[in-house]
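Enquirer: Generate a structure from the sequence data that follows.
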Amino acid sequence: MTVVYLPTKPTLLCLLRNGSAVFWEGGVSGGYQALLLDEDQGWLLVGGKDYIYLLRPDSLDLPTRTIYWPAAKEHVEHCRQAGKSLETECANFVRLLQPYNKTHIYACGTGAYHPKCNYLHLGHNNEALFMLSHSEESGQGKCPFSPKEPFAARLTDGELYAGTSVDFMGANAAIFRTSLKGSSQHYIRTEAYDHNWLNEPEFVDSFSIPDTHSSDDDKVYFFFKERAVEAGQWDKKVYSRVARVCKNDVGGKRSLINRWTTFLKARLVCSIPGPSGVDTQFDELEDIFVLETKDPQNPTIYGVFSTSSSIFQGSAVCVYSMASIRAAFNGPFAHKEGPDYRWVEYKGRIPYPRPGTL
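Expert: Modelled structure (predicted):
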């Protein structure tokens, strides 16, 4: 079964089942942005505006089970006073639904620009449970403030990796890791307001992909687009990126405290040869799909790109191997030098430990 979200009809979902299209219009308020499908258990969770829905795609004629999860009234009022729309912004838009364990789902919503998270209990196979826990958590660093902001998140091994902004204005974007185990919720993030780390990023997706047979080598990859610092201060060129962090990164002890010490990013190039040797660049990543293979360490990566040119409008699909992505993170590296302080290839001796390693 394949699930397709139709963004042009915010109150309509289309499910492709056995070659036929089945439409679901049982939602209360639309705003569907988060979907989580469990094919083994036969259910689909849908996150919408102020509601979470539990669907049985094979039995859409049965009543849909719902949970009402609104934003606090004081947060809605504060949102309204800040000039936001009551209809499209000042509500709890559910943006994140990730499996936590066999019986619980971790859910986060915008909370009327006051993001919040909770655990959704689905129970075991024969249990009829569908309820939120009584205690909520802050969603800062886990979910955007705005229902319109692109973001990416992945929950793995009890830790949530999220690419999102962490302020009301959406100006402070970061790649976060928050531990959901225990009560401390220790976090690590990219450096704040440093354009060399992230420069107005728009996150597309993230994935946990093992490097070797040892779990100590596991990495999390983020795919996004951002303003290119290499292009110069006044050039607003956009580049697509792939970034990675190591799962066992604990941050620095004297410097880079609560900051990634393994963060690396590389440009994701999608182009076709053009006349006179000039390539046509598809710089803006729109979507990403990871196709699993028999080797879990080497899935195939498919990217959907568009052009940022005002002269030529087009789209393309580019395919990447994990070997080529890993090779990019092994160098060569770029740095700034010279009187005009341009980004050029670093030709000196690579320091040990080299960038992006523990």
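Enquirer: C-alpha from now on. contacts and neighbour counts both.
Expert: Fine.
Enquirer: Is the most centrally placed residue in the chain bridged to anything, and to what?
Expert: Computing the C-alpha centroid of the chain and ranking residues by Cα atoms, centre = their mean puts Ala152 first, at 0.8 Å. On the basis of DSSP bridges, Ala152 takes part in beta bridges with Gly163.
Enquirer: for Lys49, same thing?
Expert: Partner residues in beta bridges with Lys49: Phe93, with DSSP bridges as the criterion.
Enquirer: That one contacts Arg95, doesn't it?
Expert: No. Between Lys49 and Arg95 no contact is recorded; they are 9.4 Å apart, counting by Cα atoms under 8 Å.
Enquirer: how much space is there between the residue nearest to the centre of the chain and Leu264?
Expert: Ala152 sits 17 Å away from Leu264, taking Cα to Cα, to the nearest Å as the criterion.
Enquirer: can you check Ser324 too?
Expert: To Leu264, Ser324 is 15 Å away according to Cα to Cα.
Enquirer: residues contacting Arg241?
Expert: Counting by Cα atoms under 8 Å, 6 or more residues apart in numbering, Arg241 makes contact with Phe223, Phe224, Lys225, Glu226, Lys265, Ala266, Arg267, Leu268.
Enquirer: In strands only, show me these.
Expert: Mapping those onto strands (DSSP state E) picks out Phe223, Phe224, Lys225, Glu226, Lys265, Ala266, Arg267.
Enquirer: From the residues you listed, keep the buried residues only.
Expert: Of all these considered here, the ones buried according to neighbour count by 16 or more other Cα atoms under 10 Å are Phe223, Phe224, Lys225, Glu226, Lys265, Ala266, Arg267.
Enquirer: quick one, what contacts the last one?
Expert: Arg267 makes contact with Tyr239, Ser240, Arg241, Val242, according to Cα under 8 Å, 6+ apart.
Enquirer: Which helix or which strand is home to Asn101?
Expert: Secondary structure here is read from DSSP states H and E; on that basis Asn101 sits in neither a helix nor a strand.
Enquirer: same check, this time on Val204
Expert: Under the criterion of DSSP H and E, Val204 resides in strand 202-209.
Enquirer: coming back round to it: Throw the contacts of Arg241 into JSON lines and include distance to Ala328 and pLDDT, thanks.
Expert: Converted to JSON lines, the contacts of Arg241 look like this (distance: Cα to Cα, whole Å; pLDDT from 0 to 100):
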{"residue": "Phe223", "distance to Ala328": "14", "pLDDT": "97"}
{"residue": "Phe224", "distance to Ala328": "16", "pLDDT": "97"}
{"residue": "Lys225", "distance to Ala328": "17", "pLDDT": "96"}
{"residue": "Glu226", "distance to Ala328": "18", "pLDDT": "94"}
{"residue": "Lys265", "distance to Ala328": "9", "pLDDT": "93"}
{"residue": "Ala266", "distance to Ala328": "7", "pLDDT": "93"}
{"residue": "Arg267", "distance to Ala328": "9", "pLDDT": "92"}
{"residue": "Leu268", "distance to Ala328": "10", "pLDDT": "94"}
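Enquirer: Would you agree the residue nearest to the centre of the chain is in contact with Gly163?
Expert: Yes. Ala152 is within contact range of Gly163, at 5.2 Å (criterion: Cα under 8 Å).
Enquirer: quick one: common contacting residues for these two?
Expert: Taking Cα under 8 Å, 6+ apart as the contact rule, Ala152 and Gly163 both touch Phe203, Phe222.
Enquirer: ends of stretch 54-64, how far apart?
Expert: Chord length of stretch 54-64, first to last residue, is 6 Å (Cα to Cα).
Enquirer: which parts of that stretch are buried?
Expert: Across stretch 54-64, burial judged by 16+ other Cα under 10 Å covers Leu54, Leu55, Arg56, Pro57.
Enquirer: if I look at Ser85, how far off is Asp167?
Expert: As judged by Cα to Cα, Ser85 and Asp167 stand 18 Å apart.
Enquirer: more crowded one of these two?
Expert: Between Ser85 and Asp167, counted using other Cα atoms under 10 Å, the more crowded position is Asp167 (17 against 14).
Enquirer: Now for that one: which residues touch it?
Expert: For Asp167, counting by Cα under 8 Å, 6+ apart, the contacting residues are Gln140, Phe145.
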